[in-house]
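J.: show me the folded form of this:
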Amino acid sequence: MREKIIIVSDNEGLRIFLVQLLLDRGFDVYSCPVQSQSAVVLIRTHYPDLIILDIPMPSSASSDVCAEIRRISDKPVLFMDHYNDDNMKIFGLNAGGDGFINIPVHNELLITQIKAQIRRYTGAFAVNRRNVLLFPGLEVDLNARTVMIHGHEAVLSAKEFQLLALLAKNPNRVFHTETLYNLIWSETKLGDLRTVMVHIYSLRQKIEKNPHHPLYIHTVRGSGYKFNGKLVQ
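T.: Residues are numbered from 1 along each chain as shown. Down below sits the predicted model:
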């Protein structure tokens, strides 16, 4: 199956160049200008494996587009880096990006970066043919929506399971509290960010041997939460 890439950029020449390059390398490619709703429609329609974002940073437009993307997708996002500026890199990462593509584009490096990001997303955790995430002492069955902890089933609510599955599918990736709220509770928009903290607390009570010193779900002070990537074999 061909992997899908979406390119979001107001630079028509850059879009045309990237689309042709990626098509030639065997990807399915879609593109649109920097309008958050256009990007949202493409993502919801095509379910991309990776998104390339070329927008001015830092800016309210970039924040809006990133926020919209992160509400509906946890797939890798690569920013086009025109300036090689550390402050912009920090902004991009905090906005939900996963990496940067330097301008001018080095074709082979770009392809390598894209493949590495997709491979990291899909293969950084152990998944067998039954679509089960396997970690020491923990088994998350994505099809049956069950969780086994040291051989015993942990009874999770629907939202607790969604949280655990999202974090476990992305080891070592830091999810901001707001991002988790938008991804898990986007349909309802009820409650506030404390909802995430309450569910993380409850989830730890059910899967962690010592919830005060968690093995699986770590707090990243000032940012949010991540799944312990050291457990990935």
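J.: got the contact list for the nearest residue to residue 81 once chain neighbours are set aside?
T.: Excluding the flanking residues, the one nearest residue 81 by CB to CB, 6 or more residues apart in numbering is residue 100, at 4.1 Å. Any C-beta I mention is one placed from the backbone N, CA and C, and that applies to glycine too. Residues near residue 100 by CB atoms under 8 Å, 6 or more residues apart in numbering: 78-81, 89, 92.
J.: do residue 103 as well
T.: Contact partners of residue 103, counting by CB under 8 Å, 6+ apart, are 80-82.
J.: buried ones in stretch 33-45, by neighbour count?
T.: Residues 34, 36, 39-40, 42-43 are the ones in stretch 33-45 that count as buried (16 or more other CB atoms under 10 Å).
J.: which pair in those residues spans the largest distance?
T.: Taking every pair in these and measuring CB to CB, the maximum separation is 13.8 Å, between 34 and 43.
J.: A strand includes the residue nearest to residue 81, no?
T.: Yes. Assessed by DSSP: H, G, I helix; E, B strand; the rest coil, residue 100 belongs to a strand.
J.: low-confidence stretches in the chain?
T.: Scanning the chain with the threshold set as pLDDT under 70 gives 1, 36, 56-63, 122-130, 186-191, 232-233.
J.: how about the strands of it, start to end?
T.: In the chain, the segments counted as strands under DSSP state E are 4-9, 28-32, 50-54, 77-81, 99-102, 132-135, 138-141, 146-149, 152-154, 175-176, 217-220, 224-227.
J.: turn those into TSV, including distance to residue 120.
T.: Shown next, in TSV, are those (distance: least, CB to CB, whole Å):
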stretch	distance to residue 120
strand 4-9	15
strand 28-32	20
strand 50-54	10
strand 77-81	12
strand 99-102	10
strand 132-135	15
strand 138-141	19
strand 146-149	24
strand 152-154	27
strand 175-176	15
strand 217-220	18
strand 224-227	13
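J.: for the residue most central in space within the chain, list the residues it contacts.
T.: Centroid-nearest residue in the chain: residue 74, 3.0 Å away (criterion: CA atoms, centre = their mean). Taking CB under 8 Å, 6+ apart, we find residue 74 in contact with 166, 169-170, 183.
J.: which one of those residues is nearest to residue 202?
T.: Within the contacts of residue 74, the smallest distance to residue 202 is 15.5 Å, found for residue 166 (CB to CB).
J.: these two touch, right, that closest one and residue 180?
T.: Yes. Taking CB atoms under 8 Å as the definition, residue 166 is a contact partner of residue 180 at 7.3 Å.
J.: which one's more surrounded, the two?
T.: Taking neighbours as other CB atoms under 10 Å, residue 166 and residue 180 compare with residue 180 leading, 24 against 18.
J.: give the contact list for the more buried one.
T.: Shown in contact with residue 180 (CB under 8 Å, 6+ apart): 163, 166, 196, 224-225.
J.: redo these as TSV? Include distance to residue 106.
T.: What follows is the contacts of residue 180, written out as TSV (distance: CB to CB, whole Å):
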residue	distance to residue 106
163	38
166	32
196	39
224	32
225	34
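J.: ok, so of the residues you listed, who is nearest residue 2?
T.: Nearest to residue 2 among the contacts of residue 180: residue 166, at 25.1 Å, using CB to CB.
J.: the closest one and residue 196, how far apart?
T.: 11 Å (CB to CB, to the nearest Å).
J.: and for those two, which residues touch both?
T.: 180, 184.
J.: distance of residue 203 relative to residue 227?
T.: Distance, residue 203 to residue 227, by CB to CB: 11 Å.
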